[in-house]
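Participant: Quick one: sequence and predicted model below, then my questions.
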Amino acid sequence: MDRVHYALDKIVYPVNKIRVNLVYNTPKSIEPLETELHDLASRKAHLRVIKVPNSTSKADNLNYWLSLNIRSDVVAIYDADHYTHPYGPRWAVERLMQNGTIDVVQGRCVIFNTKSWLASIIAVEFDKIYAVSHIGRARLTNFGLFTGSNGYWRTNLLRDLKMDGTVLTEDIDSSFRALAIGRNIVHDLNVVSYELAPTDIPAMWKQRLRWAQGWAQVSKPFKQLQRAMTDD
């Protein structure tokens, strides 16, 4: 609930030009939270709360939402634990407006729960990944990646591609499919969002195992694409 209030109150963007969409699934009722969310949406015109029927994944939620009449030119995707920088959406949208050849802007994700020793180590890792690895790879190979959260898509492209719920890393899969049709994904260090890191080894192991399996799963079909882009 605090993330919803943050998005409504702290993001610096014209209220008549932004809509906060909370799209979720749950196997059972999560009261009183659901009632509180719908009550808040009835009071805030730019908040939309959508419970997706028969959904078991983030991909299902996004695909359902994309099937609705959303009437937006740009879609920003955040996981539920994120706090975007108040000016992050403005900077990302300005980047898209200034350069019509850009189709996706991927921002920088920063870990904020650094009181845990494990999370503090992951925070350093994330700084390396987003500030060095992604930027460096993009400079060398001329392509970026959508990494699952804090990414801004042109709505028509995302609606055409959708998310593949059969793969473990639907974000990387959608990136490769966008690149395969010649679309342009860029990384922007100014577009910052803050997220939580795992605080114990079992949680981190589960996260990294899913990432590793997901990368292996989507890399094989796009092996020739990766080789061609690297060679270029």
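Facilitator: Now that the structure is in, tell me what you want to look at.

Participant: tell me, how many neighbours does I30 end up with?
Facilitator: 12 (other CB atoms under 10 Å). For glycine as for every other residue, the C-beta is placed from the backbone atoms N, C-alpha and C.

Participant: Revised request: answer the last question for G165.
Facilitator: Residues lying near G165 (other CB under 10 Å) number 17.

Participant: just checking, it is part of a helix?
Facilitator: No - going by DSSP: H, G, I helix; E, B strand; the rest coil, the assignment for G165 is coil, not a helix.

Participant: wait, isn't it in contact with N63?
Facilitator: Yes - look at G165 against N63 with CB atoms under 8 Å: they come within range, at 7.4 Å.

Participant: buried stuff in the helix or strand where R159 lies?
Facilitator: In the assignment (DSSP states H and E), R159 maps to helix 155-161. Neighbour-count burial for helix 155-161, counted by 16 or more other CB atoms under 10 Å, picks out 157-159, 161.

Participant: Figure out how far that helix is from the centre of its chain.
Facilitator: Computed by CA atoms, centre = their mean, to the nearest Å, the chain-centroid distance of helix 155-161 equals 14 Å.

Participant: So which residues of the chain form helices?
Facilitator: 2-10, 33-43, 58-66, 88-98, 117-128, 134-141, 155-161, 170-180, 201-219, 223-231 (DSSP state H).

Participant: so which of the ones you listed comes closest to L189?
Facilitator: In terms of CB to CB, the element of the helices of the chain nearest to L189 is helix 134-141, at 7.0 Å.

Participant: What residues of the closest one count as buried?
Facilitator: 134-135, 138.

Participant: Who's the closest spatial neighbour of V167, skipping the chain neighbours?
Facilitator: D173 (4.8 Å; CB to CB, 6 or more residues apart in numbering).

Participant: correct me, but the one you found touches K162?
Facilitator: No - D173 lies out of contact with K162 (CB under 8 Å); the separation is 10.4 Å.

Participant: Between the two, which has more neighbouring residues?
Facilitator: Neighbour comparison, D173 and K162: the larger count goes to D173, with 25 against 15 (by other CB under 10 Å).

Participant: Spit out the contact partners of the more buried one.
Facilitator: Contacts here follow CB atoms under 8 Å, 6 or more residues apart in numbering; on that basis D173 touches 163-164, 167, 218.

Participant: Mind doing that once more with 7 Å?
Facilitator: By CB atoms under 7 Å, 6 or more residues apart in numbering, the contact set of D173 is 164, 167, 218.

Participant: Next: G144.
Facilitator: G144 is in contact with 106, 134, 138, 185-187, counting by CB under 7 Å, 6+ apart.

Participant: again, only using 10 Å
Facilitator: If a contact means CB atoms under 10 Å, 6 or more residues apart in numbering, then G144 has 102, 104-106, 134-135, 137-138, 151, 175, 178-179, 184-188 as its contacts.

Participant: Ok, L209 next?
Facilitator: Applying CB under 10 Å, 6+ apart to L209 gives the contacts L168.

Participant: nearest spatial neighbour of the residue positioned nearest the centre of the chain, skipping sequence neighbours?
Facilitator: Nearest to the geometric centre of the chain sits S149, at 1.9 Å (CA atoms, centre = their mean). In space, and not counting its chain neighbours, S149 is closest to D79: 4.4 Å by CB to CB, 6+ apart.

Participant: roughly how far apart are the one you found and N156?
Facilitator: 23 Å (CB to CB, to the nearest Å).

Participant: and the longest strand seen in the chain, what's its mean pLDDT?
Facilitator: Longest strand in the chain by number of residues, with DSSP state E as the criterion: strand 185-195. Throughout strand 185-195, pLDDT has a mean value of 97.
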